[in-house]
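> I would like to see how this sequence folds:
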Amino acid sequence: MDAKVLNASIAYVEALKRSMDKGEAGGPGDVGEAGGTDFGAILKDTIADTIDSVKGAENISIKAVANQANITDVVTAVANAEMALESVVAVRDRVVQAYQNILRMPI
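Numbering: from 1, shown residues only. The predicted structure is shown next:
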């Protein structure tokens, strides 16, 4: 995994948190009067959870180097973090693909 991707993900989540804290409206994830689920909020929570799992895997790996954690715990934590990151990347790829398909549509 590239560290630049992780840093960009962290920066994106922090920017989302700042925009949510300011109460900025009119973003692409806003919900209309009909109600429903805010896609931006779901995406933000998912990315935050992914970052937390990656950081947790790093912490367990550091503990394993200091003989304070079992290797099974390290493998499990890294596998969970990898699966979460792959899921986020797959969703990102699908969103980009959908955006490109929209751009190709005739007007």
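
> Now stretch 86-106: buried residues?
For stretch 86-106, the neighbour count (16 or more other Cβ atoms under 10 Å) marks V88 as buried. C-beta: built from backbone N, CA, C; applies to glycine.

> So for it, mean pLDDT?
Mean pLDDT, stretch 86-106: 89.

> Now tell me what touches it from outside.
Identification of contacts with stretch 86-106 by Cβ atoms under 8 Å, 6 or more residues apart in numbering yields S9, L43, T46, I47, T50.

> again, only this time at 6 Å
T50 (Cβ atoms under 6 Å, 6 or more residues apart in numbering).

> ok, now how distant is M83 from A69?
20 Å (Cβ to Cβ, to the nearest Å).

> again, but for S53
Applying Cβ to Cβ to S53 and A69 gives a distance of 16 Å.

> Could I get the full set of helices for this structure?
3-22, 39-65, 71-104 (DSSP state H).

> Now the second one: buried residues?
So the one you mean is helix 39-65. For helix 39-65, a neighbour-count test (16+ other Cβ under 10 Å) marks 40, 43-44, 47-48, 50-51, 53-54, 57, 60-61, 64 as buried.

> Taking helix 71-104 as reference, get the angle to that helix.
150 degrees (axes from the mean of the first three to the mean of the last three Cα atoms, to 10 degrees).

> Helix 39-65 - contacts with which helices or strands?
Helix 39-65 sits against helix 3-22, helix 71-104, with contacts defined as 3 or more Cβ pairs under 6 Å, 6 or more residues apart in numbering; DSSP states H and E.

> Looking at that helix now, give me its mean pLDDT.
So the average pLDDT for helix 39-65 ends up being 87.
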